[in-house]
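> Below are the sequence and a predicted model; questions follow.
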Amino acid sequence: MRFDAHLLNAIRFLTIARVPDAHEAMAPDWLARAMKYFPLVGAGVGLASAIVLLIASSFGGPTVAALLAVATSIIMTSALHEDGLADTADGFGGGRSVEKRLAIMKDSRIGTYGALALGLGVALRVAALAELPLWAAAAALIAAHAAARAAPAFVMNHLSYAGDTATMKVSYAEAPVRSEELWFALIVVTLAALPLAFVSIATVVTGLLCGAVLAAALARWSRRLLSGYTGDVLGAIEQVFEIGFLLGAAAMLR
């Protein structure tokens, strides 16, 4: 049985899961082509986090269960998006020019802005989950992880790449995500949001709006400070969308 190479690339890029090697050489536009599957991979990460949340709630309080659920997603993704959030916070907070901001974002060391962003990001997600009823929190995890991984595709289609592709760890060529790929991603997001919609459709809408507002604000900020986006910014976009979604859901159901 042969799996879609783009799906394998999405799983390999976003998670620590071991998948079969692709039978074809990776094309320069592999990231754009794989993005249609990002929400599907996100739904899987969210489902695993939800299972941990439900199991942990049987022996711990809501805060402990929420913390373990968030930790599960961080481990499964090797903190890929959290790294982007920290680097973006350091670059935007500490740089005074585009060149300096990009240099700071490339630095493997974490600064004050990055540490604060990481801590606040984890704390806000844990607090929001702990406020939600148990089964609503589990459903919100699946929806949030799927929707948050669709957001970077829209940023890629509206901004130019601002970094140096020659220094990237993976091959990359700037290419738009096609309309049919965006529709596929949005259909997956809709399906992933169905469990939460059975609890409250208004909660799904509020979560999506809150996530989209934060993601759009960060994208606008990135355009002003970098004249485009970088891989770190895309990771930060995923994080702020996820945080916004969970906070919006908690505001509706607490």
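Here it is on my side, so go on. Numbering: from 1, shown residues only.
> In the stretch 151-254 of the chain, where is pLDDT below threshold?
Within the stretch 151-254 of the chain, the segments meeting pLDDT under 70 span 165-172.
> just the helices in it please.
Read by DSSP state H, counting those that start in this stretch, the stretch 151-254 of the chain holds these helices, from start to end of the chain: 151-158, 179-199, 201-226, 231-253.
> Deepest-packed of the ones you listed, please.
Neighbour counts averaged per stretch over the helices of the stretch 151-254 of the chain are highest for helix 231-253, at a mean of 26; criterion: mean count of other CB atoms under 10 Å. Placement of C-beta: from N, CA and C, glycine included.
> by contact count, what packs against that one?
helix 80-94, helix 112-131, helix 134-148, helix 151-158, helix 201-226 (3 or more CB pairs under 8 Å, 6 or more residues apart in numbering; DSSP states H and E).
> Would you mind giving the ones you listed as JSON lines with distance to residue 58 added?
What follows is these, written out as JSON lines (distance: least, CB to CB, whole Å):
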{"stretch": "helix 80-94", "distance to residue 58": "27"}
{"stretch": "helix 112-131", "distance to residue 58": "15"}
{"stretch": "helix 134-148", "distance to residue 58": "10"}
{"stretch": "helix 151-158", "distance to residue 58": "33"}
{"stretch": "helix 201-226", "distance to residue 58": "24"}
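> so which of those helices gets nearest residue 192?
Proximity to residue 192, assessed across those by CB to CB, is greatest for helix 134-148 (3.5 Å).
> how distant is that closest one from the center of its chain?
Its chain's C-alpha centre lies 13 Å from the corresponding centre of helix 134-148 when counted by CA atoms, centre = their mean, to the nearest Å.
> Report the buried residues of it.
Neighbour-count burial for helix 134-148 flags 135-148 (criterion: 16 or more other CB atoms under 10 Å).
> before we move on, what about stretch 52-61?
52-53, 56-57.
> Rounded mean pLDDT for it, please.
Averaged over stretch 52-61, pLDDT sits at 95.
> which residues sit against it?
Under the criterion CB atoms under 8 Å, 6 or more residues apart in numbering, residues 64-66, 68-69, 72, 129, 134, 137-138, 141 lie in contact with stretch 52-61.
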